Each structure stands twice: as structure tokens, then as C-alpha cells.
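In: quick one: sequence plus predicted model below, questions after.
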Amino acid sequence: MLLWRLLAGCALLLSSGFCLATSDRASTEQVSAQLVASVDSVAPGSEIYVGVNQRIIPHWHTYWSNPGDSGLPTEITWTLPEGATASEILWPIPGRISLGTITNYGYSDEVTLLTNIKVPANAKVGEQFVVDAAVEWLVCNEECIPQDVKLQLSLPIETSARKSDAGNTLIQKSLGQLPVTSPWPVSVVSANGGFDINIGLSELQAKQIKDIWFYPADWGVIVQNIDQPRKQTAKGISVNLKAGETPLTPAQKLKGVLVITEETDKGPVTTGFNIDLAPTSPANKNPSDIGFFSALLLALLGGLILNLMPCVFPVLSLKALSLVSHSHQSSLQIRLHGWIYTAGVLASFGLLAAVLVILKTGGAQIGWGFQFQSPLFVLAMAYLMFLVGLNLSGVFVIGGSIAGVGSSLADRGGYSGSFFTGVLATIVATPCTAPFMAAALGYALAQPAVKLFAIFFSLGFGLALPYLLLANWPRLQRWLPKPGLWMERTKQALAFPMYAAAVWLVWVLAQQAGPGSVVIALGGMVALALAVWLYDTTRNTSSLTERLGTTSAFMILAATLMLGYAGVKETAQTEKSNAGDYADRNWEPYSAERLKELLAENKPVFLNFTASWCISCLVNEQVALSNQEVKRAFTEKNITYLKGDWTKRDGEITAILNQFGRSGVPLYVFYSAGNNSKPIELPQVLTPDIVLNAIAAPAP
């Protein structure tokens with residue numbers, strides 16, 4: 001009698017929905033399958049895990065998402081109540097299955113393939129949430145048999161979900177077998193006809209590693225049926241993979257799961273780590289390999305060379321003039337000017353580093369000069385250069401307290417002028433890239449915030465160093481000419497590089513936001529000229545006139561900025577990309593698909609990644625890439641010239657810059673004809689001979 005009561009009670013529980021969150025098993029000769037859920041009931045708007053549990057008889061196996069050299073992955077087709085959605089399969093880490101020269105990836109004994117299912121918010125309490133799954137798999141031993149089953153799970157809908165003990169045990173076990181993010185730094189370097197995966201481990205951690213194996217997400221990326229040799233390095237462990245039949249293009253990432261088995265106090269522990277990284281160029285060292293102190297030195301040298309770049313040299317000249325004008329001051333005051341100028345440079349680089357850290361933390365793909373990808377920033381810079389030029393021309397004079405526009409730099413600014421000259425020098429330096437900077441910045445952008453800040457400060461110190469030496473070394477000051485009328489003439493002459501910079505920035509703006517933005521920019525400059533004229537002509541007049549003039553000037557200034565902001569934003573949004581007719585050009589626009597197509601056809605390709613706001617890029621194009629001998633060589637060798645324009649933000653171009661260890665443009669790469677041609681990376685400063693020698697070199 002007791003037995004019948006127990007059976008009746010169980011039947012009552014089953015009928016009322018208080019059953020274990022598992023379906024009936026559907027079995028074939030080799031595999032039995034069952035649906036399991038993490039809950040015994042669902043709630044409207046909740047998310048649950050539902051898994052297909054497979055029990056496989058000994059010596060047989062099913063397959064992972066990438067089955068390897070043969071096989072098929074398990075597929076699940078869900079039929080769900082209206083409004084419910086299911087994720088892709090969450091694949092547990094697989095095992096290796098070797099059959100002669102064939103290597104497969106899959107599962108033996110037992111596996112649970114999870115899916116995350118969202119219950120619609122309008123699901124009605126009291127009804128059943130019915131989940132149907134049509135499951136297909138291939139099960140193999142020495143022979144392979146395709147099989148399929150249909151499974152159903154019915155869960156009551158209640159106001160709050162109830163966890164399942166039986167189902168949740170299998171769910172939690174499977175969740176523990178999913179790959180996770182690596183706690184150690186991982187990088188991928190193209191090397192020796194394949195890849196090196198470098199895992200940053202301490203010496204002790206490296207010694208505890210018992211086994212490492214990389215499971216690629218896609219077949220053909222690596223050769224799967226050979227060993228993956230590993231070696232211990234000074235920075236951890238390196239695993240070598242040989243490239244397969246379908247090698248990655250430069251725009252693709254190496255994706256898969258790196259499975260590591262560690263020896264612990266509790267025995268071996270196996271964990272899978274997701275890999276989704278762009279390999280660095282074989283022609284380039286991984287930026288992280290240069291080392292922190294090497295990066296600091298390279299940044300310092302790059303900052304020094306920035307002073308000779310056309311974007312920075314006029315500002316440095318102005319600062320040298322101000323040093324001459326301060327020659328009557330005490331040596332302590334002159335030194336203070338040098339240190340305050342340096343503080344302005346370092347503060348600006350610190351702010352730039354902080355913005356980079358914040359944007360990178362938010363997942364943005366950015367690099368050196370990223371702010372010039374904003375049409376609004378370019379417009380503001382054009383206005384600033386125009387105002388500086390007007391001031392140097394003598395149209396208006398600003399007191400020391402507002403010297404920050406960079407205008408009183410020559411002879412009036414005081415200590416605040418020195419500080420803001422440093423700010424201006426940093427702003428105008430960002431469109432330029434000097435030698436040594438690329439490796440340092442590539443390293444910095446891959447490092448934690450503390451190291452990134454240190455490298456940016458080193459770059460800033462290099463930029464400030466020449467003036468700092470002049471200010472602190474009296475012997476150098478003796479080489480400077482004495483003050484005189486020539487200073488005023490020189491100051492006025494230096495206005496013209498500022499006007500030229502303003503014109504160039506308006507041209508950059510036109511590339512970003514279309515021809516309509518030119519009218520907005522030029523109209524704004526006329527309004528700014530009116531504002532500064534009103535400000536200057538009403539100074540030192542009656543208090544009422546001066547107040548009216550100053551108020552009118554600032555109102556015009558505010559209106560100019562607001563209208564410029566609104567106008568450029570509108571033109572930038574409505575400007576449509578125009579592929580244009582490239583018949584009269586010797587280049588095509590870059591795309592990852594076009595590059596992949598050309599490399600698959602074994603054609604030689606020259607890549608040029610540039611930007612309208614990058615002065616170094618424009619000089620290289622005029623001096624080297626537009627050279628008639630270079631153009632003729634491109635034509636004779638049937639080289640396809642692809643140009644990637646980074647003037648506006650482009651994630652595809654940012655990705656390939658990162659792949660080559662670069663944080664910004666320019667980047668020049670040549671692929672010679674032939675299978676598996678390794679890219680040749682050219683220097684950032686080009687001459688016709690450098691380009692001709694690169695394209696004439698035999699394939700590496």
C-alpha cells in the first residue's frame with residue numbers, strides 16, 4: 001500500500017509540474033540524449049540554461065563546433081513558445097581524437113551542450129513553457145553514423161523560477177567546462193610559417209603546466225594532425241602552430257580555445273581560454289617584446305624628433321623667441337619658464353593618455369591622432385590656428401591671463417603663456433608621427449594604464465627637452481641673438497605657417513564632412529576676425545564702450561562655435577561615402593575582402609594606410625608614392641596599390657594597424673607575388689629608392 005501511495009504522489013507531482021527539469025531520454029545504439037534545464041519552473045522575463053545531455057558508449061565520440069579533419073558538429077534546432085529566443089550552442093572544451101593521420105575534436109563518454117533561452121516577459125503564469133529540440137549528430141568510431149532525435153521539455157510558468165537539483169548539477173558541470181578569459185597576458189605572433197601563442201606566466205606557473213593544446217575555431221587555419229611544440233621563455237610559455245591550408249589574411253584574427261592542464265595540490269586541473277587575437281606581423285616584432293625601458297627610450301627619442309616636424313617647429317620657434325625676449329630676466333625666472341612649458345606638455349600628454357585609457361576600457365578602437373578623426377575637433381583646431389596667426393600678425397593682443405590660445409607665446413605670455421605653449425605644442429604634434437614613435441606607442445597601447453602613462457610622459461618629455469635645455473643651460477643661450485626689431489618681424493613671419501595650418505585643416509575638414517563644411521569654416525573665420533577686431537579696437541576706451549565691445553566679441557565667438565558645431569555635425573552626418581571612379585588613379589580603396597582576394601590570386605599588393613590630417617603621410621605620398629619612377633614600377637610589376645584612409649574612424653583599418661603593432665598612421669606594407677608571401681613593412685619616412693628596393697626584393 002505504501003508503494004502505491006508513493007507512486008501516486010509522484011504522479012501528482014509530475015502532473016502539477018513539480019518534476020525534475022529533464023526530458024525523457026531518446027536513445028540510439030551508441031548515444032542516449034536528454035534535455036536538462038537549470039530550473040524546475042520558469043518566470044516571465046527570466047533566462048534559463050537548457051542543455052542537450054549526451055551519454056556516449058565507450059570508444060565512440062561526437063564532435064565539437066570545429067570537428068577537425070573530418071566529422072560534423074552536433075546541431076540543435078529549437079522550437080520555442082512565441083517570443084522566446086535561444087542562443088548559439090555554448091561549447092565545452094573538447095578533446096583530441098587521433099585516428100592515424102587524422103585529428104578530430106569532440107567528446108567521449110558524456111557531454112552537455114548548453115543553450116541560453118530567454119523567456120518572454122508576457123509569458124502567462126499557470127501555463128506550460130514547452131521546449132522542443134531536434135538534435136542531429138554524427139557519432140563515430142571506425143565507422144560514422146549520422147543520427148537524430150527529437151526531445152521535449154515542459155516547464156510550468158510561475159511568478160518566480162525554482163532551481164532544479166538534478167538538471168542544475170549537469171548544467172553547472174557543463175558551465176565549468178566552458179572556456180573563459182585568460183588571467184595571463186596572451187599574444188599571437190606570426191612566425192616560422194605559422195603562429196606562436198605567447199602566454200605570460202611566472203617561472204613557477206610555467207613549471208606547473210602539464211599540457212597545452214590550441215583548438216582552432218575554423219578548420220584549415222593550422223595543421224591539426226601534428227604536435228604543437230611548446231617552450232619556456234623568459235616571459236612564460238610559447239606554443240608554436242604551423243599554418244594550414246587556408247591561412248589567415250592580415251585582417252583576420254586567430255580564434256579558438258587554448259586548453260591548459262595545470263598540476264595543483266588537488267591534482268590536474270584543465271581549463272580552456274578563449275583566443276581571439278590578430279597576429280602581429282612577421283616583419284614586425286610584437287610590440288610587447290621591445291620591453292618597457294626600451295619603449296621609454298624610443299618614446300623619448302620620438303618626442304625629440306617631433307620638434308623637427310612641420311607641425312611642431314613653428315611653435316618651438318615661437319618659444320625660442322620668447323626665451324630671447326626674457327633674456328633680461330634672472331636665470332631662475334628663465335628656468336621657471338622652461339619647467340612650466342614642460343609641465344604644460346606633460347599635462348597635455350597625461351590628459352591624452354587618460355582619454356586613451358578611458359576609451360580603450362570602453363572597448364573603442366583608437367590610436368595616435370584619434371582626435372583628428374572628429375570633424376568638430378578639426379574645425380576647432382582650424383579656428384585656433386587662425387586666431388594664433390591673427391595674433392602673431394598684430395591684429396589683436398591678449399593679456400597674459402588668456403595666453404593659452406598660444407598667441408602671446410613670443411613675448412608677452414608670462415608663466416601662463418609658457419604653460420599653454422606646451423599645451424599648444426602637444427595639440428599640433430598629434431597629427432605627426434616621428435621615427436621611433438610607432439614601436440613605443442604600439443607597446444604603450446597594449447599595456448596597463450600605469451605603463452601607458454609612463455610612455456606618454458616620456459614622449460612628452462622628449463618634445464619639451466630642447467626648450468628645457470635652452471632655458472636651463474646658460475651656455476646654449478649665448479648662441480641666441482640679442483633682442484631687437486628682428487623679433488617682431490620674425491613673429492609676424494611665423495604667422496604664415498599658422499595660416500597655412502588653418503588652410504590645411506579646412507582641407508582635412510572637407511575630406512571628412514564634405515564641401516559644405518568649407519563654407520562653414522571660412523564663414524566662421526570671418527566671424528572670428530570680426531570678434532577679435534571688436535575686442536581689440538574697444539580696449540582702453542570708455543568703460544561702457546569697452547564692455548560693449550568685449551561682450552559683442554564674445555557673443556560672436558560663442559555664436560561662431562555653436563553654429564560651426566551644428567553645421568559641421570550636420571554635414572558630417574549627411575555626407576555619403578563615394579567610391580568614385582578610380583580609373584584615373586593608380587590606387588584602389590582598401591578593404592579586407594579585396595586584400596584577401598588579391599592574395600588568394602597570388603598577386604603583389606602594396607598597402608598604404610594614411611589620413612588627410614597626417615602630415616608625415618602627405619609628405620611621403622608626394623615625395624615617394626607619387627614619384628613617376630615608382631608609379632612606373634608599380635605598373636610594370638602589376639602591383640595592386642590599396643590605400644586605406646583613416647581620416648575618419650574606421651574599425652577595419654584600426655584592426656590591421658593593431659595587427660602590425662601600430663597605434664596610428666602611416667603604415668606601408670608590401671606583399672610580393674606567390675603563395676604565403678610574407679609582408680614586408682616599410683619605414684614611416686619614405687623615399688623613392690626605399691619603395692623601389694622593397695618591391696624589387698625577392699619574396700621572403
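Out: Perfect, thanks for sending it. A quick note: this is a predicted structure, and the numbers were derived from the prediction, not measured.

In: neighbours of residue 148, how many?
Out: 13 (other C-beta atoms under 10 Å). Quick note: C-beta positions are derived from backbone N, CA and C, even for glycine.

In: find the nearest non-adjacent residue to it, please.
Out: Once its chain neighbours are removed from consideration, residue 148 has its nearest residue in residue 136; the separation is 4.3 Å (C-beta to C-beta, 6 or more residues apart in numbering).

In: repeat that for residue 131.
Out: In space, not counting the residues next to it along the chain, residue 131 is nearest to residue 153; the distance is 4.6 Å by C-beta to C-beta, 6+ apart.

In: identify the residues contacting that neighbour.
Out: 21, 22, 23, 35, 37, 50, 130, 131, 133 (C-beta atoms under 8 Å, 6 or more residues apart in numbering).

In: and those as CSV, adding secondary structure, pLDDT and neighbour count?
Out: Supplementary listing: those in CSV, determined by DSSP: H, G, I helix; E, B strand; the rest coil; pLDDT from 0 to 100; neighbours: other C-beta atoms under 10 Å:
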residue, secondary structure, pLDDT, neighbour count
21, coil, 66, 27
22, strand, 75, 19
23, coil, 77, 23
35, strand, 95, 24
37, strand, 92, 28
50, strand, 95, 28
130, strand, 95, 13
131, strand, 95, 24
133, strand, 96, 23
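
In: just the mean pLDDT for stretch 87-100, thanks.
Out: The predicted model assigns stretch 87-100 a mean pLDDT of 91.

In: so for it, what gets flagged as buried?
Out: Of the residues in stretch 87-100, those buried under the neighbour-count criterion (16 or more other C-beta atoms under 10 Å) are 89, 90, 91, 92, 93, 94, 95, 97.

In: spatially nearest residue to residue 468, not counting backbone neighbours?
Out: Residue 468 sits nearest to residue 338 (C-beta to C-beta, 6+ apart), 4.7 Å away.

In: can I take it that the one you found is in a helix?
Out: Yes: if the criterion is DSSP: H, G, I helix; E, B strand; the rest coil, then residue 338 is within a helix.

In: any idea of the pLDDT on it?
Out: At residue 338, the pLDDT value in this model is 84.

In: surely it and residue 470 touch.
Out: Yes: proximity of residue 338 to residue 470 meets the contact threshold set by C-beta atoms under 8 Å, at 7.1 Å.

In: what secondary structure does the residue nearest to residue 131 sit in?
Out: Three-state assignment for residue 153 (three-state DSSP): strand.

In: any idea how far it is from residue 530?
Out: Taken as C-beta to C-beta, to the nearest Å, the spacing of residue 153 relative to residue 530 amounts to 75 Å.

In: please apply the same query to residue 61.
Out: Counting by C-beta to C-beta - residue 61 and residue 530 are separated by 80 Å.

In: more neighbours: which of the two?
Out: Taking other C-beta under 10 Å, residue 61 and residue 530 do not tie; residue 61 has more neighbours (25 against 15).

In: list the residues that contact the more buried one.
Out: Under the criterion of C-beta under 8 Å, 6+ apart, the contact partners of residue 61 comprise 97, 104, 106, 107, 108, 139, 140, 141.

In: look up which residues are beta-bridged to it.
Out: With beta bridges defined as DSSP bridges, residue 61 has these partners: residue 140.

In: got the contact list for residue 244?
Out: Taking C-beta under 8 Å, 6+ apart as the definition of contact, the neighbours of residue 244 are 219, 220, 221, 222, 223, 224.

In: typed the wrong thing, it's residue 50
Out: Taking C-beta under 8 Å, 6+ apart as the test, what residue 50 contacts is 35, 36, 37, 38, 86, 114, 115, 117, 131, 133, 153.

In: next, format these as a markdown table and append distance to residue 215.
Out: Formatted as a markdown table, the entries for the contacts of residue 50 read as follows, by distance: C-beta to C-beta, whole Å:
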| residue | distance to residue 215 |
| --- | --- |
| 35 | 26 |
| 36 | 25 |
| 37 | 28 |
| 38 | 26 |
| 86 | 24 |
| 114 | 18 |
| 115 | 20 |
| 117 | 26 |
| 131 | 29 |
| 133 | 25 |
| 153 | 30 |
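
In: any idea which of those residues is closest to residue 242?
Out: Distances from residue 242 to these, taken as C-beta to C-beta, are shortest for residue 114 (32.4 Å).

In: so residue 468 sits in a helix?
Out: Yes: counting by three-state DSSP, residue 468 is found in a helix.

In: for it, give its distance to residue 461.
Out: From residue 468 across to residue 461, the span is 8 Å (C-beta to C-beta).

In: what residues are shared contacts of those two?
Out: residue 342.

In: measure residue 495 to residue 247 for me?
Out: Applying C-beta to C-beta to residue 495 and residue 247 gives a distance of 55 Å.

In: and if you look at residue 201?
Out: To residue 247, residue 201 is 28 Å away according to C-beta to C-beta.

In: return the alpha-carbon coordinates of the helix or strand containing residue 459 using CSV.
Out: Counting by DSSP states H and E, the secondary-structure element that holds residue 459 is helix 449-472. Only the C-alpha atoms of helix 449-472 are listed here, as CSV (Å, rounded to 0.1, in the frame of the first residue of the first chain):
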residue,chain,number,x,y,z
ALA,A,449,47.4,52.2,-17.6
VAL,A,450,50.5,52.8,-15.5
LYS,A,451,52.9,51.9,-18.2
LEU,A,452,50.9,53.7,-20.9
PHE,A,453,51.1,56.9,-18.8
ALA,A,454,54.8,56.5,-18.3
ILE,A,455,55.5,56.1,-22.0
PHE,A,456,53.3,59.1,-22.9
PHE,A,457,55.1,61.2,-20.3
SER,A,458,58.5,60.1,-21.8
LEU,A,459,57.2,61.1,-25.3
GLY,A,460,56.2,64.5,-23.8
PHE,A,461,59.5,65.0,-22.1
GLY,A,462,61.3,64.4,-25.3
LEU,A,463,59.1,67.0,-27.0
ALA,A,464,59.8,69.5,-24.2
LEU,A,465,63.5,68.7,-23.8
PRO,A,466,65.1,71.1,-26.4
TYR,A,467,63.5,74.2,-24.9
LEU,A,468,64.1,72.9,-21.3
LEU,A,469,67.8,72.6,-22.1
LEU,A,470,67.9,76.1,-23.6
ALA,A,471,66.2,77.5,-20.5
ASN,A,472,68.4,75.7,-18.0
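
In: break the protein into its domains for me.
Out: Following automatic domain parsing, one finds the domains of the chain at 14-175, 186-279, 288-373+399-491, 588-696.

In: nearest residue to residue 346 in space, please, no chain neighbours.
Out: In space, residue 346 comes closest to residue 460 once its chain neighbours are excluded; the distance is 4.8 Å by C-beta to C-beta, 6+ apart.

In: right, I mislabeled it, should have said residue 223
Out: In space, residue 223 is closest to residue 242, 4.4 Å off (C-beta to C-beta, 6+ apart).

In: now the element after the helix or strand hosting that neighbour, going C-ward?
Out: Of the helices and strands defined by DSSP H and E, residue 242 is found in strand 236-242. Scanning the chain past strand 236-242 towards its C-terminal end, the next helix or strand to appear is strand 254-264 (assignment: DSSP H and E).
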